[in-house]
Every structure is written in C-alpha cells, then in structure tokens.
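# Turn this into a model:
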Amino acid sequence: MEQKLLKIVSNVPLTDQVFMLTLDAEGMETPKPGQFVNIKIGSLFLRRPISVCDFSDGKLTLIIKKVGEGTEILSGMKSGPLDVLTGLGNGYDLSLSPRSPLLVGGGVGVPPLYFLAKKLIEEKISPRVVLGFNTAGEIFFRDEFAALGVPVKVTTADGTEGIKGFVTDAMEGGEYVFACGPEPMLKAVYKKSSGGQFSFEERMGCGFGACMGCSCRTVTGYKRICRDGPVLRREEILWTD
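Below is the predicted model:
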C-alpha cells in the first residue's frame, strides 16, 4: 500500500450517472487486475474504494458512479490533487485462467474486467465478455472491450438493448468465469459456472484490513474483503442464505 497525491487529468461523463476519472499516476507501482484504490474526498471521514479500470502510460483510470455524497463530489471534480491509497486488495489470479474464460460484469462491476481483459490478452489468453445493465442508457465500455478484439454480449433487464434479461441469460453455463458486480448477480453467476474468481462489492472502513469491518465468512474461515479479497475463488465462497 502506498499513499500518493495524484493529479486529475480529466473527468468525463460516460452516462448520466457514470464518469471516467483519469489521474496522473507517474511512478505508481503497476496494480493487478481486481485491485482497488481508496480516495480521500474533502472533509468526509471515510475514504471511497474505487476499482482500477486501467493503468497505462503513467495514467490511472477509474470509473465513478454517483451513488452517494462522496461519489457525487468526486464525479464533479475537474482539477487538483487527490489523496489516494494505492495497491489495495487481492486481485484476480491470471495463472488459474483457462484459454478462453468468460468475464461477467454488472454495472460498476464492469471496470475492473477491462483491465483484466487487457492483461489476459497480454498472456495470450482469449477472454469473452458479458456485460449486464438495467437499461440501454446505462451501458458503458462496450466499445472499449470490442476495441480490444474481445467478443462482447450485452444484456439489459428491460430489453432496451442487447439480450433482454440478466447476465446469466447470456451464459452457456458450466464455464470458468471472472466476475464482478452486486451480490445477487454474483450468486446467480456462481450457480451457472463450474469455476472461477468473484470480486465482491462491500462497504469498507479503512480499506486495508485494520478495522475488520468488511469481514465475511468463507469455507476456510472469516476473510476481509478489502485485504483478503475483493476477489475470492469460487470454491471458497460460502453464501450466507
């Protein structure tokens, strides 16, 4: 973990609620796909954890969705430095990937899969992608995945674009998956997959394992989502209901 002041390069809207924040991160250690950063926002007490969407040419890309006071402020920031804790979390393990894994993301679970797709391609692995949204107006990063040469399927719950339904409606089943999204989505993907790695979204206090506020029960005992996760292997997940 490192604490850095990173200058805002740009902050542009992707949808009405989603923004792409680019930071000058020259000298920052290259993160692993699935890791996150924790950002101090003004006088707010708790930092906000944001997954790494991309890291290239000394630039760190983060995707911000306005869901509360902190992300509302962050989405409107256009200049100045940000106090950022970097290198947080346990990312995806690419060494466990088959030759053609399925990447499944829902909403703000999409961004870390973009960085993952780039790294898989560098390892001569050919991912396929399923992206899930509520409606057509919420879709983002479909074209960015396609530009990587990755086959992309999009689902919308209301059927306004792509396949009507949920991400599982675009899955064949029995596949190895890399997934990120809300827990109900992860649970559904878990049931339809044969193996994989799942990145969990969780409220965090410190973001680096000190407060134990994001602990969850697994088959091998309690783990901290911020430090031992957010990525857990399919075989260690223990659903609570």
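
# What separation do you get for the residue of the chain positioned farthest from its centre and Phe19?
Using C-alpha atoms, centre = their mean, the residue of the chain lying farthest from its centre is Ser43. It sits 25.7 Å away. In this view, Ser43 and Phe19 are 21 Å apart by C-beta to C-beta, to the nearest Å. C-betas here are computed from N, CA, C, even on glycine.

# same thing with Ile41?
From Ile41 to Phe19 the distance is 14 Å (C-beta to C-beta).

# Looking at the two, which one has more neighbours?
Taking other C-beta atoms under 10 Å, Ile41 and Phe19 do not tie; Phe19 has more neighbours (22 against 18).

# Specify the beta-bridge partners of the more buried one.
Applying DSSP bridges to Phe19 yields these beta-bridge partners: Pro13, Ile64.

# what residues are up against it?
Asn11, Val12, Pro13, Ile63, Ile64, Lys65, Lys66, Ser75 (C-beta atoms under 8 Å, 6 or more residues apart in numbering).

# and with 10 Å instead?
By C-beta atoms under 10 Å, 6 or more residues apart in numbering, the contact list for Phe19 reads 10-13, 62-66, 71, 74-77, 140.

# what do you get for Leu44?
Contacts of Leu44 (C-beta under 10 Å, 6+ apart): Gly68, Glu69, Gly70, Ile73, Leu74.

# Could you pull out the helices in this structure for me?
69-75, 111-122, 142-147, 183-192 (DSSP state H).

# returning to that earlier point: between the contacts of Leu44, which is nearest Ala179?
Gly68 (23.8 Å; C-beta to C-beta).

# ok, that closest one - how many residues close by?
Gly68 - counted by other C-beta under 10 Å - has 11 other residues nearby.

# Same question for Gly149.
10.

# isn't it right next to Ile121, touching?
Yes. If you go by C-beta atoms under 10 Å, Gly149 and Ile121 touch, sitting 7.5 Å apart.

# Give the residues shared as contacts by these two.
With C-beta under 10 Å, 6+ apart, Gly149 and Ile121 have common neighbours Pro127.

# Could you dump the contacts of Leu44 into CSV and include pLDDT?
Below are the contacts of Leu44 laid out as CSV (pLDDT from 0 to 100):
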residue, pLDDT
Gly68, 91
Glu69, 93
Gly70, 93
Ile73, 95
Leu74, 95
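
# most neighbours, which of the residues you listed?
Ranking those using other C-beta under 10 Å puts Leu74 first, with 24 neighbours.

# residue contacts, it?
8, 11, 19, 21, 39, 41-42, 44, 48, 50, 62, 64-66, 68, 82.
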